[in-house]
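> pasting the sequence and the predicted model now:
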Amino acid sequence: MIQASAKNTLSLQLIVLLASLSALVAAAIDMYLPAFPTVATSLDITPGQVQQTLTIFLIGLGIGQGLYGPLLDRFGRKPPLLIGIGLFILGSLFAALTTSFEGLLVARFLQALGAAAGSVASRAVVTDTCDPQSSARIYSMLMQVMMIAPITAPMLGSLILLYGEWHLIFWVLALFGIISGAFTIRLLPETLPVERRVPLSVRSMVRNYAIQLSNPSFVLYTLATSCTLGSLFIYINNSPFIFIEIFELTPNQFSYMFAANAIGMIIISQINLRLLKFYSAMRILLIGLGGFILLGFVLLSLVQLDWVALWSYSLLLGLGLSMSGLITGNLTAVTMAHTQQHAGIASSLMGLIQFLLAAVIGFLASIAAAPSLYTLPIALLVLGFVAMGLCLIGKRFAQQATPDP
């Protein structure tokens, strides 16, 4: 078994493992994307109903992350994680066997409940072993490894569709879950000592959640994360229909475009790692949000003027999404740095709030209007502005207590 390294560092092998566990979420979402139009035809449902299978997944992620926090702080990081991986496998198998829209919704919810464990446990392990500035670098590294899933998963999904139907995608996801569980058993150390574990009771859970919610900086930064995540899921929800139906790309071409955006995030994340040697996570975060907003405005202007083509739309959208490389890891580090004890509880509460709100944002966007060229630039612009405002207010509260990382 790999042991966690000295404080403020994690071994590369452990970082890859944690990223792989967190990437179960991305794999379950992104591998399925090229199949959206096919699923709609196969189950005789509307594009909006297909998008609801992603919304229910996000709701499951939020609820799951709320449940795992107390379990992680009571039983340690490893046992609840293994239970979650088991649920992910069961949900994937159920989805692989279902032939109805309702069955797919249930399967996706169960799959998400399981996948949530990887995200919560990974953040808790990093918080157990690293200080805020080091954790910002670790989260950025995690994001780079996790980006392998958005790059490869749509390609693998489109490849599967060439040789089989969409159910086969979920058989492959079940196999990924089995492999992840095996490596977790073999490699993951326990980072929460027995003496730091807290009793599992409704009273203690309510008290510990209340402690986190009483911290305005933690709450505001978490809400900002919900906005950036919401914009990402609006992109995930709408991009298959925009690029496959409006721009008339094939599923395979769409997967390459999707992968190119993920590569852009990796490049910006690598730049972020270098910037963190000289600047605070908060400063880089605000720069990233500024770029997010600016590129959303430029893209919206081109759409409004009808000056947009496939290449310009894809390029500006990709650059805007790439700003996540300056946002996601730093915002996570800043948020977790303002927790009030109990990293497992804080991590799960952060996940609960961000995924439930992101699900609501994505659902509202899906019922507000059909996918169009306006959908994505409006999401970048509006949600970027809201996230920026929340971060600035959160920073002001934080300066009254502790400095930002």
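Structure's in. What do you need?

> could you use CA atoms for every contact and neighbour count after this?
Fine.

> looking at Ser372 now. What's its pLDDT?
We have a pLDDT of 88 for Ser372.

> contacting residues around the helix or strand where Gln13 lies?
Per DSSP states H and E: Gln13 is located in helix 12-30. The contact list for helix 12-30 (CA atoms under 8 Å, 6 or more residues apart in numbering) reads 2, 4, 54, 112, 115-116, 118-119, 122, 138, 141-143, 145-147, 149-150, 153-154, 157, 173, 176-177, 180, 183-184, 187-188, 236.

> and that helix, how far from the chain's centre?
10 Å (CA atoms, centre = their mean, to the nearest Å).

> list the buried residues in that helix.
14-30 (16 or more other CA atoms under 10 Å).

> tell me how far the next helix or strand after it lies from the chain's centre.
Where DSSP H and E defines the elements, the next helix or strand beyond helix 12-30 is helix 36-43. The chain centre lies 24 Å from the centre of helix 36-43; the measure is CA atoms, centre = their mean.

> what about the next helix or strand after helix 36-43, average pLDDT?
Using DSSP H and E, the helix or strand that follows helix 36-43 in sequence is helix 47-75. Mean per-residue pLDDT for helix 47-75: 85.

> helix 47-75 vs helix 12-30, what angle?
150 degrees (axes from the mean of the first three to the mean of the last three CA atoms, to 10 degrees).

> just checking, what packs against helix 47-75?
Packed against helix 47-75 by the contact rule (3 or more CA pairs under 8 Å, 6 or more residues apart in numbering; DSSP states H and E) you find helix 36-43, helix 78-97, helix 101-129, helix 343-368.

> so what touches the shortest one?
With CA under 8 Å, 6+ apart as the contact definition, helix 36-43 has outside contacts at Ile45, Thr46, Pro47, Gln49, Val50, Thr99, Ser100, Phe101, Trp166, Pro240, Phe241.

> ok, the residue of the chain positioned farthest from its centre to Leu316 distance?
In the chain, counting by CA atoms, centre = their mean, Leu305 sits farthest out from the average C-alpha position, at 32.9 Å. Distance of Leu305 to Leu316, given as CA to CA, to the nearest Å: 15 Å.

> before we move on, what about Val360?
26 Å.

> dump the residue contacts of the nearest residue to Ile327 once chain neighbours are set aside.
Once flanking residues are discounted, Ile327 sits nearest to Leu285: 4.9 Å by CA to CA, 6 or more residues apart in numbering. Neighbouring residues of Leu285 by CA under 8 Å, 6+ apart: Leu326, Ile327, Asn330, Leu331.

> the helix or strand hosting the third one packs against which elements?
Secondary structure assignment for Asn330, by DSSP H and E: helix 324-337. For helix 324-337, the packing partners by 3+ CA pairs under 8 Å, 6+ apart come out as helix 132-146, helix 216-241, helix 251-275, helix 281-304, helix 343-368.

> what do you get if the cut-off is 7 Å, keeping everything else the same?
Judged by 3 or more CA pairs under 7 Å, 6 or more residues apart in numbering; DSSP states H and E, helix 324-337 is in contact with helix 132-146, helix 216-241, helix 251-275, helix 281-304.

> can you check the pLDDT for Val382?
Value for Val382, per-residue pLDDT: 95.

> wait, I meant Thr402
For Thr402, the predicted pLDDT is 56.

> how close does Gly325 get to Thr228?
The value you get for Gly325 to Thr228, if CA to CA is used, is 12 Å.
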